[in-house]
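Engineer: Based on what follows, work out the 3D shape:
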Amino acid sequence: MDAGHLGMKPIDPATINSVTVAIPELQMSFLLRNLNVTGARWTKLVERRFGLGIDKSGVLFHSDLHVTGDIIMTSAGRLDPYFASITMDIQGVETNITYSWRGQRGIDNYDYILLGKERIAVRNTRTPSFFLQPKHISNEITAALMHSIVDNFRLFARTVPVHHYYKLYQ
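Structural biologist: All right, here's what the predicted structure looks like:
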């Protein structure tokens, strides 16, 4: 699902245009631009969960990601922002994605899955190798990447009939 077929975005390497992290208590903000994220192809599906409520399901992923890009830091005590390049390894990150779904029969008489709004929760099992507020930044980068993956699956599920990727029981 990451090859760019059917209008899907490539996810490895993924390009994330911008991620913003604000830390009000320190009067700082970080803007990460032109991020190149690799490693999504080796993300492991740890668990699939069904029946998490009314029409809700979920997945748990485990990822090791490598990120390069530009970082811009602004603070309240300085007019000019700081600019730098960043390289960061995000290892052992777990992503819990829950989503609503429903099935629908198409005009071609095949069944399709329609995904609703997703909720993404990111938890790092290790501190990423980065110098300042690593968990905020790595969580935002991981969440942005996972939104792209869910968007790809959403497009895939409504375009490809279910019988091609799930065994259906009558």
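Engineer: what's the pLDDT at residue 69?
Structural biologist: On pLDDT, residue 69 comes in at 90.
Engineer: per-residue pLDDT, residue 81?
Structural biologist: On the pLDDT scale, residue 81 is placed at 87.
Engineer: separation between the nearest residue to it once chain neighbours are set aside and residue 58?
Structural biologist: Spatial nearest neighbour of residue 81, chain neighbours left out: residue 74 (4.4 Å); criterion: C-beta to C-beta, 6 or more residues apart in numbering. Quick note: C-beta positions are derived from backbone N, CA and C, even for glycine. Separation of residue 74 from residue 58 (C-beta to C-beta, to the nearest Å) stands at 36 Å.
Engineer: Low-confidence regions, this protein specifically.
Structural biologist: 1-6, 52-54, 125-135, 165-170 (pLDDT under 70).
Engineer: rerun at 50
Structural biologist: 129-133 (pLDDT under 50).
Engineer: Looking at it, which strand is longest?
Structural biologist: Longest strand in the chain by number of residues (criterion: DSSP state E): strand 78-105.
Engineer: quick one, what contacts residue 142?
Structural biologist: Residues in contact with residue 142, defined by C-beta atoms under 8 Å, 6 or more residues apart in numbering, are 63, 65, 90, 93, 95, 122.
Engineer: if you take the average position of the protein, which residue is closest to it?
Structural biologist: Note on the chain: the residue nearest the mean C-alpha position is residue 146, at 1.2 Å, using C-alpha atoms, centre = their mean.
Engineer: Now do the contacts for it.
Structural biologist: 61, 95, 97, 120, 122.
Engineer: and which of those is nearest residue 162?
Structural biologist: Nearest to residue 162 out of the contacts of residue 146 is residue 97 (C-beta to C-beta; 19.1 Å).
Engineer: Any idea how many residues pack against the closest one?
Structural biologist: 21 (other C-beta atoms under 10 Å).
Engineer: Am I right that it is in contact with residue 59?
Structural biologist: Yes. Here residue 97 reaches residue 59: they are 5.2 Å apart, a contact under C-beta atoms under 8 Å.
Engineer: Direction included, what does the helix or strand harbouring the residue nearest to residue 81 pair up with?
Structural biologist: Using DSSP states H and E, residue 74 sits within strand 56-75. Partners of strand 56-75 in the sheet, by DSSP bridges, are strand 28-38 (antiparallel), strand 44-50 (antiparallel), strand 78-105 (antiparallel).
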